[in-house]
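1. Return a 3D structure for these sequence lines:
(chains A, B, C and D)
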2 protein chains.
Amino acid sequence: MTTPAKWLSAEQLRAWKGLSLMQLQLQARLGRRLAEHGLSYQDYLVLATLSDQPDGRRRVVELSDELGWEKSRLSHHITRMCERGLVNKVPCPSDQRGIFVILTDEGRSTLSLAAPDHVDDVQRYFFRHLSTSQVATLARIADTVLENLAADALDA
Amino acid sequence: MTTPAKWLSAEQLRAWKGLSLMQLQLQARLGRRLAEHGLSYQDYLVLATLSDQPDGRRRVVELSDELGWEKSRLSHHITRMCERGLVNKVPCPSDQRGIFVILTDEGRSTLSLAAPDHVDDVQRYFFRHLSTSQVATLARIADTVLENLAADALDA
DNA sequence: CGCCTTCTGTTGAAATTTCATCTAATCACG
DNA sequence: CGTGATTAGATGAAATTTCAACAGAAGGCG
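-> Numbering: from 1, shown residues only, chains lettered A, B, ... in the order given. As a prediction, the model looks like this:
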């Protein structure tokens, strides 16, 4: 064969374009609802990630990994969320460089107000249209692709 | 059960988070390569969309639909790409409000230089890890979700 | 026609994100 | 221990994206 693939097939193109368009539209839609609670979609992600932890705290670097955000972006964002009273920053005892980001009471209550509507939207606009096996396929695809990206990043 | 779904299942969560993380990382990776050709990922999308058309031209409103960008974002972006000489703007004869965005020779050649590397990356980092049926599933999911979002936007 | 509504695209300011750089702390290792 | 390399996070300026408001053109309908 010449090369593995000179271009994308029609089906690949449909999947590729569709996926990013879907992501954009979905995010826009979800953001519109979250705005009613005074949160951006990004704010929500941060709050939700913090609340995954029982003590509502995460190292900045952990958040950065989980969300896939550059550290600078996260740092700026956390600063702004701090000013709004949604989170706090406290130094990490075991690593003097580290910072814990912690949910404030207000952050927690804002999240708990927004979450039901948000989850409802995610179900309505996304999962409602997917079969169980489709969901499983998505999860597996994401894991596989991410694993390979990570592996590739090591030797590169 | 209480309500249809109070929260997301573990598998749903895995799919949901994985999908957006994948998108972010993928985009970052692809962007890094495109930067070698002096293009951002966004630039590439615009150029590629224009080059889909035989005459390399699109109405701004068409681009906005295809890319899912807000018109203001697109307007600013086109302006900047104009200044860099990648595209031109010409008024649309049949609709005095309309603007055609057109690939310049430089835009076309920049794209043709960047495209092979980019397509290669998309294959390497994404499609390489997917079976044919997984690709088909992705395409169908995106279409379905987008259709329902569009339908929902009408009566809302 | 005249009026009202919708559509297209632009604009400038504000908010967000990126980029390069910097400081301090940890780590690896002789 | 000491030194050089790496890591965590912050910072300010530049680039990008959003938001609200706007102007002109089309379209609908009396």
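
2. what's the distance between the closest residue to residue A:87 other than its chain neighbours and residue A:88?
-> Leaving aside its sequence neighbours, residue A:87 sits nearest to residue A:81 (CB to CB, 6 or more residues apart in numbering or on different chains; 4.9 Å). Quick note: C-beta positions are derived from backbone N, CA and C, even for glycine. Going from residue A:81 to residue A:88 by CB to CB, to the nearest Å gives 9 Å.

3. Mind checking which of these two has more residues around it?
-> With neighbours defined as other CB atoms under 10 Å in any protein chain shown, residue A:81 and residue A:88 compare such that residue A:81 has more, 23 against 16.

4. thinking again about what came up before, so the residue nearest to residue A:87 touches residue A:49, yeah?
-> No - between residue A:81 and residue A:49 there is no contact under CB atoms under 8 Å: 12.0 Å.

5. Please enumerate residues in contact with the helix or strand hosting residue A:153?
-> Per DSSP states H and E: residue A:153 is located in helix A:132-155. The contact list for helix A:132-155, computed with CB atoms under 8 Å, 6 or more residues apart in numbering or on different chains, reads A:127, A:130, B:11-12, B:14-15, B:17-19, B:21-22, B:25-26, B:29, B:125-126, B:129-130, B:134, B:137-138, B:141.

6. average pLDDT for it?
-> Here helix A:132-155 scores 94 as its mean pLDDT.

7. Mind listing what's buried along it?
-> A:134-135, A:137-146, A:149 (16 or more other CB atoms under 10 Å in any protein chain shown).

8. That helix vs helix B:132-155, what angle?
-> If you take axes from the mean of the first three to the mean of the last three CA atoms, to 10 degrees, helix A:132-155 sits at 110 degrees to helix B:132-155.

9. Helix A:132-155: how far from the chain's middle?
-> 15 Å (CA atoms, centre = their mean, to the nearest Å).

10. what bridges to the residue nearest to residue A:56 when sequence neighbours are not counted?
-> Leaving aside its sequence neighbours, residue A:56 sits nearest to residue A:103 (CB to CB, 6+ apart; 3.6 Å). Judged by DSSP bridges, the bridge partners of residue A:103 are residue A:87.
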